[in-house]
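**Student:** need the 3D shape of this:
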Amino acid sequence: MMRCLVLALCLLAGPLCAAERTVPAEAGALKSAVAGAAPGDVLILAPGRHEGPVLLDRPLTLLGREGAVVDGGGRGSVLTVTAPDVRIAGLEIRGSGSSHEEIDAGVRLLKGAMRPVVEDNRLFGNLVGVDIHGATDARVSRNLIVGREDARMNARGNGIYVWNAPGLIVEENDISLGRDGIFVNVSDRNIFRNNRMRNLRFAIHYMYAHHSEVTGNISIGNHLGYALMYSHHLTVTDNLSLRDRDHGVMLNYVNNAEVARNLVRGGTGKCTFIYNAHRNVIHDNRFEGCGTGIHFTAGSERNMLTGNAFVGNRTQVKHVGTKLVEWSHEGRGNFWSDHPAYDLDGDGIADATFRPNDLMDHILWSQPAAALLVGSPAVQLIRWSQASFPATLPGGVRDSHPLMAPIDIPVPDDVARLEAAVPPWPQGETSDADTLAGH
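**Tutor:** Next comes the predicted model:
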């Protein structure tokens, strides 16, 4: 009776009854400590190996001293959370199982896990680093997540896997290896900011996730940077895509998004790919050194493009269509490194309209064999006549107010060193089907 009374008082008092307990690195000690813990207790894990898997089914804190390791032994998820107000910090977490069906992970945050915090941990060799499946208002911060290389890339697990986790914040994590750095499916009102991702298929892969923010992230040397799909009302700002192979930013069925101040440079494919995406505001980005600066296709309409810089791409814009599309807004267009511009009044706006595509571009995109004729006098005559008589140009992109100077987006020195270390990708664009197969 007395024990029941004490427990009831602790539940009412919350943290006032919380205690700190040191858990030795001994067989079964961690499970026993969790089973005997009161709500709000802090379990301090001593250096050494602690056995998992462990279920955290009550509010408590797991805090690791330097050298504390929780090892799942290759069975299931190492730490699974089903209770509110659980914090996991300062641990090395490794040794999950390998079941994609069960989503074996270093840490799993499931329904009932309200306000969980996973921060300052090192997660090595798990199938999935952190899985957030039904948890609400979770925060995953400052973790080092290194996945596996024991399968082909598409068969690996994700660094962070998100499903139906409203209010989630994922920030300042370093994620490498595995499949996708952050994979999001059917989850609204999330924030993904200031994460660094390398050696992955996609840095961020985003589907059916609305009213969310992707800000300040860094993708280096991945197959694709930011694959944003089937979502609306996104804020995609201040991200870096450096030496990513196929696309830097892809908008696939994305509507009403702001895409601003992002830098994409050095990929072999497309800096940006826009597929059936509408009513987006794409401004003040820098697309540099790609095979194609931006590719618009599948009827993408009512998008506003202004203040962007297209610098040194082999093809600045690929846009095939009969409709004329204006890429400027309120007298402000974009910068084009291949535009022989002049500005007599010195207002920073070029005095001549720029058309990044001409009739021959359209022919070459639809009939690649025509490339054999590019140097012929007939082709040069067509291009001269179109430059002299713009009315002969077909539908496509027109920038009536091109800028004289490009936006500059700096890259921190440590990030630039990682970018420089990426081995060269094979030359030539990789097909979209190859990149998105099995996504």
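
**Student:** element containing residue 97, please.
**Tutor:** Taking DSSP states H and E as the definition, residue 97 sits outside all helices and strands.

**Student:** what sits against it?
**Tutor:** Going by Cβ atoms under 8 Å, 6 or more residues apart in numbering, residue 97 touches 72, 74-77, 104, 127. C-beta: built from backbone N, CA, C; applies to glycine.

**Student:** cutoff 10 Å now
**Tutor:** Residue 97 sits next to 53, 72-78, 103-105, 126-127 when contact means Cβ atoms under 10 Å, 6 or more residues apart in numbering.

**Student:** residue 330 and residue 401, how far apart?
**Tutor:** From residue 330 over to residue 401 the distance is 9 Å, taken as Cβ to Cβ, to the nearest Å.

**Student:** these two: which has the busier surroundings?
**Tutor:** Set residue 330 next to residue 401 and count neighbours by other Cβ atoms under 10 Å: residue 401 wins out with 21 against 7.

**Student:** make TSV out of the contacts of residue 97 and add secondary structure, distance to residue 234 and pLDDT.
**Tutor:** TSV is the format used below for these (DSSP: H, G, I helix; E, B strand; the rest coil; distance: Cβ to Cβ, whole Å; pLDDT from 0 to 100):
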residue	secondary structure	distance to residue 234	pLDDT
53	coil	35	98
72	coil	35	97
73	coil	40	96
74	coil	38	96
75	coil	38	96
76	coil	34	97
77	coil	30	98
78	coil	32	98
103	coil	25	97
104	coil	30	98
105	strand	26	98
126	coil	28	97
127	coil	28	97
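
**Student:** from those residues, which would you call buried?
**Tutor:** Buried subset of these (neighbour count, 16 or more other Cβ atoms under 10 Å): 53, 72, 76-78, 103-105, 126-127.

**Student:** okay if I get the residues you listed as TSV plus distance to residue 289?
**Tutor:** Below are these laid out as TSV (distance: Cβ to Cβ, whole Å):
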residue	distance to residue 289
53	46
72	43
76	45
77	42
78	41
103	38
104	39
105	37
126	35
127	35
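
**Student:** partners of the helix or strand harbouring residue 264, with directions?
**Tutor:** Assigned by DSSP H and E, residue 264 falls within strand 263-265. Strand 263-265 has its sheet partners listed here by DSSP bridges as strand 240-242 (parallel), strand 286-288 (parallel).

**Student:** just name the most buried of those strands.
**Tutor:** Burial of the strands paired with strand 263-265 is given as mean neighbour count (mean count of other Cβ atoms under 10 Å); strand 240-242 ranks first at a mean of 26.

**Student:** okay, the strands paired with strand 263-265 in a markdown table with mean pLDDT next?
**Tutor:** Listed next are these as a markdown table, based on pLDDT from 0 to 100:
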| stretch | mean pLDDT |
| --- | --- |
| strand 240-242 | 98 |
| strand 286-288 | 97 |
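
**Student:** okay, those in JSON lines with distance to residue 84 next?
**Tutor:** As requested, the strands paired with strand 263-265 are exported to JSON lines (distance: least, Cβ to Cβ, whole Å):
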{"stretch": "strand 240-242", "distance to residue 84": "36"}
{"stretch": "strand 286-288", "distance to residue 84": "43"}
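
**Student:** quick check: which of these is nearest to residue 280?
**Tutor:** Proximity to residue 280 (Cβ to Cβ) singles out strand 286-288 among the strands paired with strand 263-265, at 15.0 Å.

**Student:** how about the helices in the stretch 1-150 of the chain?
**Tutor:** Using DSSP state H, counting those that start in this stretch, the helices assigned to the stretch 1-150 of the chain run over residues 2-13, 29-35.

**Student:** in terms of mean pLDDT, which of those helices ranks lowest?
**Tutor:** Mean pLDDT is lowest for helix 2-13 among the helices of the stretch 1-150 of the chain, at a mean of 49.

**Student:** ok, back up a step: right, and the helix or strand after the strand holding residue 264?
**Tutor:** The helix or strand immediately downstream of strand 263-265 is strand 270-275, counting by DSSP H and E.

**Student:** packing partners for that following strand?
**Tutor:** Under the contact criterion of 3 or more Cβ pairs under 10 Å, 6 or more residues apart in numbering; DSSP states H and E, strand 270-275 touches strand 224-232, strand 247-255, strand 263-265, strand 286-288, strand 292-297, strand 309-311, strand 315-319, helix 432-436.

**Student:** the second one vs strand 270-275, what angle?
**Tutor:** Using axes from the mean of the first three to the mean of the last three Cα atoms, to 10 degrees, one finds that strand 247-255 and strand 270-275 are set 20 degrees apart in direction.

**Student:** now the first one
**Tutor:** Here the directions of strand 224-232 and strand 270-275 differ by 20 degrees (the same axes, to 10 degrees).

**Student:** name the nearest residue to residue 30, sequence neighbours excluded.
**Tutor:** The shortest distance from residue 30 to any non-neighbouring residue, by Cβ to Cβ, 6 or more residues apart in numbering, is to residue 50 (4.4 Å).

**Student:** endpoints of stretch 403-422, how far apart?
**Tutor:** 32 Å (Cα to Cα, to the nearest Å).

**Student:** which ones are touching residue 65?
**Tutor:** Residue 65 makes contact with 22-23, 25, 44-48, 90-91, according to Cβ under 10 Å, 6+ apart.

**Student:** what's the separation between it and residue 143?
**Tutor:** Distance of residue 65 to residue 143, computed by Cβ to Cβ: 17 Å.
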